[in-house]
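Asker: need coordinates for the below:
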Amino acid sequence: MNKQWLDGMWDHMRQKYGIYMRVLEAIPEDSYQDNPVAGMRTPTQVVVHTSGSILRDIAEGVASGRITAEEGGEDAVTAGLESKADVLAFARACWDRADAAIKKAGDDQLTGAVENPW
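Answerer: Predicted coordinates for the structure are as follows:
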């Protein structure tokens, strides 16, 4: 992988994330804390995991050489997102941080090892 390849892939990810944001916007305000399927995450929990632990933390980890995601902290983040507006703002902020990290990542980061908790 090199920077040119990453930039193309990231543009594709940007398009997918735009669709993801439209899906989040379509979820009714009163459904973000619902458990539509017993034992599965609420929409808010899915956003915290997807936007935070997967997108933001991995992008920042690639750029820095170390992923420090602590998925156990997701519950605290979720508890702080009390409204649909909070969830959407969180998802946008995660994108902005991930995008900034990817813009800084160069060939050295892309060919180096990335420490991770897994």
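Asker: quick one: buried residues of the helix or strand of the chain with the lowest mean pLDDT?
Answerer: Least confident helix or strand, the chain: helix 107-111 with a mean of 83, by mean pLDDT, DSSP states H and E. Judged by neighbour count (16 or more other CB atoms under 10 Å), helix 107-111 contains these buried residues: residue 109. Bear in mind the C-beta positions are built from the backbone N, C-alpha and C, glycine included.
Asker: what helices and strands are in contact with it?
Answerer: Packing contacts for helix 107-111, counted by 3 or more CB pairs under 8 Å, 6 or more residues apart in numbering; DSSP states H and E, involve helix 3-26, helix 57-64.
Asker: make JSON lines from those and add mean neighbour count, mean pLDDT and distance to residue 84 to it.
Answerer: As requested, the helices and strands packed on helix 107-111 are exported to JSON lines (neighbours: other CB atoms under 10 Å; pLDDT from 0 to 100; distance: least, CB to CB, whole Å):
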{"stretch": "helix 3-26", "mean neighbour count": "13", "mean pLDDT": "95", "distance to residue 84": "8"}
{"stretch": "helix 57-64", "mean neighbour count": "20", "mean pLDDT": "92", "distance to residue 84": "23"}
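Asker: CSV please, covering those helices and showing distance to residue 109.
Answerer: Formatted as CSV, the helices and strands packed on helix 107-111 follow (distance: least, CB to CB, whole Å):
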stretch, distance to residue 109
helix 3-26, 9
helix 57-64, 6
